[in-house]
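> got a sequence here, can you build the structure:
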Amino acid sequence: MEPEYLQSTYRKLIDGNHILHHHGLFDAYGHLSLRHPLNPDVFIMARPIAPATLSSPEDLIEYAVASAEAFDRGAPEGYVERGIHSEIYKRHEEVNAVIHGHSEAIAPYAITNVPLKACYHMAGFLGPGPVPVYDSAAHRQSSDVPDLLVRNENLAYELAKHFDDGNCVTLMRGHGLTVVAESVELAVLRAIYTKKNAVIQTAAMSLCAAAAGTVITGRGTGKGECEIHYLDEDEAEAAANITRWSGARPWKLWIREVEASGLYVNHA
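As a prediction, the model looks like this:
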C-alpha cells in the first residue's frame, strides 16, 4: 500500500488529466506532470496514452528532472516531449506542475500576429502584455525533425526560458500551449481560463469586425474605431490573486463533472 500522501498525489494527477480532456485542452494527446511531493528532483507523469484513459497509479511513471529518464528501466517509453517538463522543472524551482496541451480556440493566436491578451478577469494571470509565443523553427538544428514537436533538450530548454520573469503561459506556433504553476490545481485552472479568454477575445474581435466602425466597449457606444478593453497591469495582478485563493472551488466542481460524465475512471 502506498503512503496516503502518494495516493492523494496520484489521484490528483489522474483527475487533472481527466479535467483537461473534459474541457478541451487535451484530446488523444497532451500531458500533465507534477513534481514529486517529497523529492524535487523527480517528476511524475502518465505513460504515453490518451489522457482520458488514464485510470490508475500503474499508468504513472517517475522521471528524473535532470535527464527526463524513467527510474524504472522496465517502464514503457515515455512521451517524446517529456523534456518540456524536465527543462521547466530544472530552470524554475518554484514550478510544481506543468501542462502541455492543444486547443483549437487558442491555436489561432499562435499562428497569427494577433496577440492573446487578458481581457477577462478570470485570466488575469496572463498579465497585461501579450502572451509569448514559442517558435520551434527559431531553435531547430539541422539534424532536428521539423515536425514542431519539442523532441530534445535544446528545444525544451528554449521553451523553458519563456517562463522567466513570472510568465505562466506560453503559446507554441502551430502546436499548442504550455502552462506552469505551483500546483496541479492552479495549472489546470490557468489552462482552462486561458482557453476561455481566447474564446472571449475572438468573439470580441468578431464583434468589432461586424460592427464596421462602431465602438464597442463597456463604457458606451459611439462612432469610430472599434476598441477592446484589455486588463491593465493593476487589474491583471489583482485578478490573478483571486484565482490563487479561490482555486479550490472550480477544482471541486470539475472533479464532480468528470465523475458524472461516465467516461473517466480513477482507481488511485
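> show me where the protein has its helices.
In the chain, the helices defined using DSSP state H lie at 4-22, 83-91, 108-111, 153-160, 184-211, 233-246, 248-261.
> could you tell me the angle between the first one and helix 184-211?
Yep, that's helix 4-22 we're talking about. For helix 4-22 against helix 184-211, the angle by axes from the mean of the first three to the mean of the last three C-alpha atoms, to 10 degrees is 20 degrees.
> which elements pack onto helix 4-22?
Judged by 3 or more C-beta pairs under 8 Å, 6 or more residues apart in numbering; DSSP states H and E, the packing partners of helix 4-22 are strand 31-35, strand 42-46, strand 60-64, strand 97-101, helix 184-211, helix 248-261. Backbone N, C-alpha and C define where each C-beta goes, glycine included.
> what residues sit buried inside the fifth one?
Translated: helix 184-211. Neighbour-count burial for helix 184-211, counted by 16 or more other C-beta atoms under 10 Å, picks out 184-195, 197-198, 200-202, 204, 208.
> hmm, back to that, next, format the helices and strands packed on helix 4-22 as TSV and append mean pLDDT and distance to Ala160.
TSV is the format used below for the helices and strands packed on helix 4-22 (pLDDT from 0 to 100; distance: least, C-beta to C-beta, whole Å):
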stretch	mean pLDDT	distance to Ala160
strand 31-35	98	13
strand 42-46	98	13
strand 60-64	97	15
strand 97-101	98	10
helix 184-211	95	15
helix 248-261	96	26
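> let's have these in JSON lines, adding distance to Glu81.
Formatted as JSON lines, those follow (distance: least, C-beta to C-beta, whole Å):
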{"stretch": "strand 31-35", "distance to Glu81": "7"}
{"stretch": "strand 42-46", "distance to Glu81": "10"}
{"stretch": "strand 60-64", "distance to Glu81": "12"}
{"stretch": "strand 97-101", "distance to Glu81": "6"}
{"stretch": "helix 184-211", "distance to Glu81": "16"}
{"stretch": "helix 248-261", "distance to Glu81": "24"}
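> looking at the ones you listed, which is nearest to Gln141?
strand 97-101 (21.0 Å; C-beta to C-beta).
> how about residues contacting the closest one?
Strand 97-101 is contacted from outside by 16, 20, 25-26, 29-35, 43, 81, 84-85, 88-89, 150, 176-184, 186-188, 191, using C-beta atoms under 8 Å, 6 or more residues apart in numbering.
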